[in-house]
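What would the 3D arrangement of this be:
(4 chains)
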Protein chains: 2
Amino acid sequence: MENVDSLKKILGSHKLRITDCRLHVIQLFLTERKALSQGDLENQLNQYDRVTLYRTLNSFLDSGIIHKIPNSEGVATYGLCHETCSPNQHDHNHIHFKCNSCGQIQCLDDKSVPNVMVPEGYHIEAVNMIVDGVCAKCA
Amino acid sequence: MENVDSLKKILGSHKLRITDCRLHVIQLFLTERKALSQGDLENQLNQYDRVTLYRTLNSFLDSGIIHKIPNSEGVATYGLCHETCSPNQHDHNHIHFKCNSCGQIQCLDDKSVPNVMVPEGYHIEAVNMIVDGVCAKCA
DNA sequence: AAATTATATGCAACTCAGTTGCATATAATT
DNA sequence: AATTATATGCAACTGAGTTGCATATAATTT
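Residues are numbered from 1 along each chain as shown, chains lettered A, B, ... in the order given. This is a model prediction of the structure:
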């Protein structure tokens, strides 16, 4: 169970008002430790309106608390950011692991993205790596 | 201008009927040489119904002619496959480059994805790399 | 502590990407 | 030429995500 004061501190440091909904959403990201969609939030936080959850996710996205994870599924998924991220500057050169068995997407923060080569003249700003496979739990 | 016979051959080798719409869609992928969305097709192939274009993309996806490119935009984008791809086995360990200036997504087929490390117990099946930056044309 | 301000929330309605159903057209096979 | 399988167009639908408005509420000011 995460300390409420540390949750409030996250909101405060990103200049966001502290509301129950927002505290619960951050709490869920911290306890689940995987990527979450609006639908995931909706399933587990029944007391909040679905529009509110969309807006909460967008507020968090705008303020650098979460980042969007590229995928092909037609449903947006979000992962928690590091403290180093800001609204304008996301630092997400980490690996996203999508398990084809359980469907979960995880941010593998402890594994760094290898150096990547691009053709002459191309400038790299960010690298996102999506690994498909089977996670340790399902293997 | 691509040779119609080679276009027909692509369809034939994937067990698909040869229709005008399908020929035009493949043609567009081959001439544009970048990722395309249904909307891109619709804008440039006005003579076909939008549902037909969705269905054509899905047929090509199912038969291994194109692959979906993960992204965060809320609109599906597709890139042309290699001849080695099949319905069940896609071989797309290449880099997708998203230009933040012009918005285009390209498959950098000539650049290979570097080896990736995942935690103990995780099995890798496919790796997808999305590089954000500025392409050579916009830099 | 009360008043004010700024913004979060709920509800209804909307937009748009993608899909389905059905009838007809058409490519491929017999 | 006839038949079969499937591609296409049209209308309608679904669902993810967004907008507008009134009200609630967190934060700031008085």
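
mind listing the strands for chain A?
Per DSSP state E, chain A carries strands over the ranges A:36-37, A:66-69, A:77-80, A:94-99, A:105-112, A:123-134.

Report whether the first one contacts DNA strand D.
Yep, that's strand A:36-37 we're talking about. Yes. For strand A:36-37 and DNA strand D, the contact criterion (CB under 7 Å from any atom of the strand) is met by A:Ser37. Just so you know, the C-beta spots here come from the backbone N, C-alpha and C atoms, and that holds for glycine as well.

counting contacts, what elements does that strand pack onto?
Using 3 or more CB pairs under 8 Å, 6 or more residues apart in numbering or on different chains; DSSP states H and E as the contact criterion, the elements in contact with strand A:36-37 are strand A:77-80.

Residues contacting the strand it packs on, please?
A:29-30, A:34-37, A:57, A:60-61, A:65-69, A:71, A:92, A:96, A:105, A:107 (CB atoms under 8 Å, 6 or more residues apart in numbering or on different chains).

and what of stretch A:126-139?
Residues contacting stretch A:126-139 (CB under 8 Å, 6+ apart): A:69-71, A:90, A:92-102, A:104, A:106, A:108, A:113, A:116, B:70, B:116, B:118-133.

before we move on, back to that, are any of the contacts of strand A:77-80 buried, and which?
With burial judged by 16 or more other CB atoms under 10 Å in any protein chain shown, the buried subset of these is A:29, A:34-37, A:57, A:60-61, A:65-69, A:71, A:92, A:96, A:105, A:107.

what about chain A, any weak spots by pLDDT?
Within chain A, the segments meeting pLDDT under 70 span A:1-2, A:83-92.

near chain B, which residues of chain A?
A:68-72, A:74, A:76, A:95, A:97, A:100, A:108, A:110-111, A:113-136, A:139 (CB under 8 Å from any CB of the partner chain).
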